[in-house]
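>>> could you look at this predicted model? Sequence included:
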Amino acid sequence: MSGLFADFMIRAALAGVGVAVTAPWLGVFVVWRRMAYFGDATAHAALLGVALSLMLHLPVYVGVAGIAVIMALVVAALEDGRSGLGTDSLLGVLSHGALAIGLIAVSFLPGARLNLEAFLFGDILAVSWSDVAVIWAGAIVIAVLVGSRWQALLTATVNPDLAWSSGLNPDRDRRILTLALALLVALAIKVVGALLITALLVIPAAAARPLSRSPEAMLGAAIAIGAFSALGGLVLSYRIDSPAGPSVVAVSVACFALSRVVAGFLSIRRV
């Protein structure tokens, strides 16, 4: 039991919970706006940011956040310019293109092959106290940013025309979401890796949706599910010696399945 309270496990728990309670602030909007593929594209671009950070001797967070922001701005510009492609096709091209270029770039870095799995699937057990500080600082920024624009973001999500007529700017709110998403990707890269970031965005929010009667309740439930998934995944990883990042996602999937069962049972009781 003492191993669960080792210093590296405490750091991992704090980092995991930091990311897990931050992701739902954006995850609820990703679910409502059906932006999951956009989250995938931004996360996949993160690997290119890792490669550039190592090449230029920059902190990984800086390179990942920079590339994620560029990806978000490129997608917005191409959508506004009506490229002739559907949004899903456009995101598919950019997502897999950025991932492929990132993998090629990483392959040319000395010793990077050994660390590639950590970038793809995370290495939460290797986070440092400075990583924990960065994650929680970023978490506060995202929570304050989204919280301060909560009502405007909700209005723009439910009815963009109503938002415009109310003097709001849905395009600006969309940019706020994309920039916050880029920051989250940078924070989560060490915890769950580029390939699993979208899972933390979508699954807790999707699990909370059938159990919630208001947007605020859904956010609160998603935060609770995310925190439980982070801690439960770490315990599972410790008990069965499984990869920590995928274990966190596996627990969140189990929570999603359970939420569907509970929601179905409650709907039967109401009949």
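Nice, thanks for sending it over.

>>> got phi/psi on residue 71?
With angles defined as degrees, to the nearest 10, residue 71 sits at phi -60, psi -50.

>>> ok, it - contacts?
If you count contacts by CB atoms under 8 Å, 6 or more residues apart in numbering, residue 71 has them with 41, 42, 45, 94, 98, 182. Every residue, glycine included, has its C-beta placed from N, CA and C.

>>> before we move on, which element is the fourth one in?
It refers to residue 94. Using DSSP states H and E, the element containing residue 94 is helix 87-107.

>>> okay, that helix in CSV with CA atoms only?
Output of helix 87-107 as CSV, limited to C-alpha atoms (Å, rounded to 0.1, in the frame of the first residue of the first chain):
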residue,chain,number,x,y,z
THR,A,87,-15.2,20.2,-42.1
ASP,A,88,-14.7,16.5,-41.2
SER,A,89,-12.6,15.9,-44.3
LEU,A,90,-10.5,19.0,-43.7
LEU,A,91,-9.8,18.0,-40.1
GLY,A,92,-9.0,14.5,-41.2
VAL,A,93,-6.4,15.7,-43.7
LEU,A,94,-4.8,18.2,-41.2
SER,A,95,-5.0,15.7,-38.3
HIS,A,96,-3.3,12.8,-40.0
GLY,A,97,-0.9,15.0,-41.9
ALA,A,98,0.3,16.7,-38.7
LEU,A,99,0.7,13.3,-37.0
ALA,A,100,2.6,11.9,-39.9
ILE,A,101,5.0,14.9,-40.1
GLY,A,102,5.4,14.8,-36.4
LEU,A,103,6.4,11.2,-36.4
ILE,A,104,8.9,11.7,-39.2
ALA,A,105,10.4,14.7,-37.4
VAL,A,106,10.7,12.8,-34.1
SER,A,107,12.4,9.9,-35.9
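
>>> output the below-cut-off pLDDT ranges for the chain.
1-5, 76-88, 110-116, 267-271 (pLDDT under 70).

>>> 50 instead, please
Applying pLDDT under 50 to the chain picks out residues 114, 270-271.

>>> how about the strands in it?
Shown for the chain, no strands are assigned by DSSP state E.

>>> can you show me the helices along it?
7-32, 36-56, 60-80, 87-107, 112-121, 129-148, 150-158, 160-165, 170-188, 197-208, 215-240, 244-270 (DSSP state H).

>>> re earlier: report the angle between the helix holding residue 94 and helix 36-56.
Relative orientation of helix 87-107 versus helix 36-56 (axes from the mean of the first three to the mean of the last three CA atoms, to 10 degrees): 20 degrees.

>>> packing partners for helix 87-107?
Secondary-structure packing of helix 87-107 (3 or more CB pairs under 8 Å, 6 or more residues apart in numbering; DSSP states H and E): helix 36-56, helix 60-80, helix 112-121.

>>> out of those, which is the most enclosed?
helix 36-56 (a mean of 24; mean count of other CB atoms under 10 Å).

>>> alpha carbons of that one, as PDB, please.
Output in PDB follows, covering the C-alpha atoms of helix 36-56 (Å, rounded to 0.1, in the frame of the first residue of the first chain):
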ATOM      1  CA  ALA A  36     -14.500  15.700 -31.200                       C
ATOM      2  CA  TYR A  37     -12.700  15.500 -34.500                       C
ATOM      3  CA  PHE A  38     -11.300  19.000 -34.000                       C
ATOM      4  CA  GLY A  39      -9.900  17.900 -30.600                       C
ATOM      5  CA  ASP A  40      -8.300  14.900 -32.400                       C
ATOM      6  CA  ALA A  41      -6.700  17.200 -35.000                       C
ATOM      7  CA  THR A  42      -5.300  19.500 -32.400                       C
ATOM      8  CA  ALA A  43      -4.000  16.600 -30.200                       C
ATOM      9  CA  HIS A  44      -2.300  14.900 -33.200                       C
ATOM     10  CA  ALA A  45      -0.600  18.100 -34.100                       C
ATOM     11  CA  ALA A  46       1.000  18.100 -30.600                       C
ATOM     12  CA  LEU A  47       3.600  15.500 -31.700                       C
ATOM     13  CA  LEU A  48       4.900  18.000 -34.300                       C
ATOM     14  CA  GLY A  49       5.100  20.500 -31.500                       C
ATOM     15  CA  VAL A  50       7.200  18.000 -29.400                       C
ATOM     16  CA  ALA A  51       9.600  17.500 -32.300                       C
ATOM     17  CA  LEU A  52      10.000  21.300 -32.800                       C
ATOM     18  CA  SER A  53      10.600  21.800 -29.100                       C
ATOM     19  CA  LEU A  54      13.300  19.200 -29.000                       C
ATOM     20  CA  MET A  55      14.900  20.600 -32.100                       C
ATOM     21  CA  LEU A  56      14.900  24.200 -30.800                       C
END
